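> build me a model:
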Amino acid sequence: MNEKILNNINDVLSNNKNIILIPHSSPDADALGSCLGLYHFFKDENNVSIISPNEYTNILNFLPGSKSVIVFDNEKEKSTNLLSNADIIFTLDFNSLSRARNMSNLISKSSAKIIMIDHHENPDKYADIMISDSKMSSTCEMVYDFICLLDKNKINNKIATCLYTGIVADTGSFRYPSTTSKTLKAGSELINYGVNVTEIFEKLHNNFQFKRLKLLGAAINNFKKIDGLPVLYSSITDDDQKINSFKKGDSEGFVNFGLSVTGILCSVLFIEKKDEGLIKISFRSKGDFKVNIFASRYFSGGGHEHASGGISKLSLIETEKKFIQDIKDHIKENYE
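Alright, predicted model coming up:
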């Protein structure tokens, strides 16, 4: 962060402020962890609220302060009033207002100063202060740096637990290419605040209910390989979800199983959402295959080079057919 940005932030944050922290819709550990980390950092000297556009997985309820999160879809009047009186709005772990869903219009019309902290590529220029770096492992690592610049002495176990959780989740427990020596240093420093590393891993990964295990079995059973290409794809149908009492977050990580197969460079998961009239798509890859480019070009999506999302408004069968043809064309055009 350059000195000019830091000075601007210090000016904006002076005196008691009404601060709103907003993660992207269906927030994951990095989005919610970064919000909660800043919540604990600011709350003693400011009026601070976290407003999530919609519900998030109950897997993250162990994070300190999670009970304070306001869900916009459930408390629209309260959320709207808070936003209308905000002095500062932080948007965390997203760089396009569309990721805030129904809140996007309220954010864009707000008179508050907007501060973006995010690590995705190609940010929209909606924020007054943009802290954007796609080379960073996670937004939580960026928030850790941010807090260290403002006042490192305020870091405590609650802040450290929230930020460490987001870093671990977004780096695949420090396995993904975005992990740097600086990332590992941040993780080790956060552990020094008494972070329970084992408990966080258990909460994030060893949290399967029996029906979620059955759902994973259905997803694995549905995997198919595209002949002649290092690509696997699977689907979770509406029936799969009903049979296994699907809850938000239950399919988290399922797409990664495709990459565990020798020779596979791209794994894709389609999730049928009949109530929304669309198919949600998760893309994962390794090596030189950049799924964010593919997701953006063919499925109105984007994200990181090796982890992206997208949508299709076609039926599940039609989406699969389109995907097969699109990825054949994409690979032929870019990798042959």
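> mind giving me the packing neighbours of the helix or strand hosting residue 284?
Following DSSP states H and E, one finds residue 284 within strand 278-285. The contact analysis (3 or more C-beta pairs under 8 Å, 6 or more residues apart in numbering; DSSP states H and E) places strand 278-285 against strand 266-273, helix 291-299, strand 307-312, helix 316-335. For every residue, glycine as well, the C-beta is placed using N, CA and C.
> need the ones you listed in a markdown table with mean pLDDT, can you?
Shown next, in a markdown table, are the helices and strands packed on strand 278-285 (pLDDT from 0 to 100):
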| stretch | mean pLDDT |
| --- | --- |
| strand 266-273 | 97 |
| helix 291-299 | 94 |
| strand 307-312 | 94 |
| helix 316-335 | 93 |
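> residue 181 is nearest to which of these?
Counting by C-beta to C-beta, residue 181 lies closest to strand 307-312 out of those; the figure is 21.2 Å.
> pull up the pairing partners for that closest one, direction included.
Taking DSSP bridges as the criterion, strand 307-312 forms sheet pairs with strand 278-285 (antiparallel), strand 302-303 (antiparallel).
> touching the longest one from outside, list them.
Yep, that's strand 278-285 we're talking about. Residues from elsewhere that reach strand 278-285 (C-beta atoms under 8 Å, 6 or more residues apart in numbering): 251, 254-256, 258-259, 265-273, 291-292, 294-295, 299, 301, 303, 305-316, 319, 323.
> repeat that for stretch 195-206.
Applying C-beta under 8 Å, 6+ apart, the contact partners of stretch 195-206 are 29, 59, 62, 157, 160-161, 164-165, 168-169, 173, 191, 253.
> which residues belonging to that stretch are considered buried?
Using 16 or more other C-beta atoms under 10 Å as the test for burial, stretch 195-206 gives 195, 200, 203, 204.
> with stretch 112-125 instead?
By 16+ other C-beta under 10 Å, the buried positions in stretch 112-125 come out as 112, 113, 114, 115, 116, 117, 118, 119, 120, 121, 123.
> contacts only, for the second one.
Under the criterion of C-beta under 8 Å, 6+ apart, the contact partners of residue 113 comprise 12, 87, 88, 89, 128, 129.
> so what's the residue count around the third one?
Just to be clear, that refers to residue 88. With neighbours defined by other C-beta atoms under 10 Å, the count for residue 88 comes to 22.
> the second one too?
With neighbours defined by other C-beta under 10 Å, the count for residue 87 comes to 18.
> still on that earlier bit, among the contacts of residue 113, show me the least confident.
Within the set of the contacts of residue 113, pLDDT is lowest for residue 12 (81).
> now tell me what touches the helix or strand where that residue lies from outside.
In this assignment (DSSP H and E), residue 12 forms part of helix 3-13. Residues from elsewhere that reach helix 3-13 (C-beta under 8 Å, 6+ apart): 88, 113, 115, 128, 129, 131, 149, 150.
> which SS class is the third one?
So that's residue 115. Under the three-state scheme (DSSP: H, G, I helix; E, B strand; the rest coil), residue 115 adopts strand.
> one step back: want to throw the strands paired with strand 307-312 into a markdown table with mean neighbour count?
Compiled in a markdown table, the strands paired with strand 307-312 are given as follows (neighbours: other C-beta atoms under 10 Å):
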| stretch | mean neighbour count |
| --- | --- |
| strand 278-285 | 23 |
| strand 302-303 | 20 |
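> hmm, which two among the contacts of residue 113 are most spread apart?
Pairwise distances across the contacts of residue 113 (C-beta to C-beta) peak at 13.3 Å, for the pair 87 and 129.
> so which residues of the stretch 51-200 of the chain form helices?
In the stretch 51-200 of the chain, helices defined by DSSP state H, counting those that start in this stretch lie at 76-84, 104-109, 139-151, 157-170, 181-191, 197-205, listed in chain order.
> give the buried residues for the shortest one.
I take that to be helix 104-109. In terms of neighbour count (16+ other C-beta under 10 Å), helix 104-109 has its buried residues at 104, 106, 107.
> circling back to that earlier point, mean pLDDT lowest where, among the strands paired with strand 307-312?
Of all the strands paired with strand 307-312, the minimum mean pLDDT falls on strand 302-303 (a mean of 85).
> who touches it?
With C-beta under 8 Å, 6+ apart as the criterion, strand 302-303 contacts 120, 121, 122, 283, 291, 292, 295, 296, 308, 309, 310.
> if you set the cut-off to 7 Å instead, what comes out?
Under the contact criterion C-beta atoms under 7 Å, 6 or more residues apart in numbering, strand 302-303 has outside partners 120, 292, 295, 296, 308, 309.
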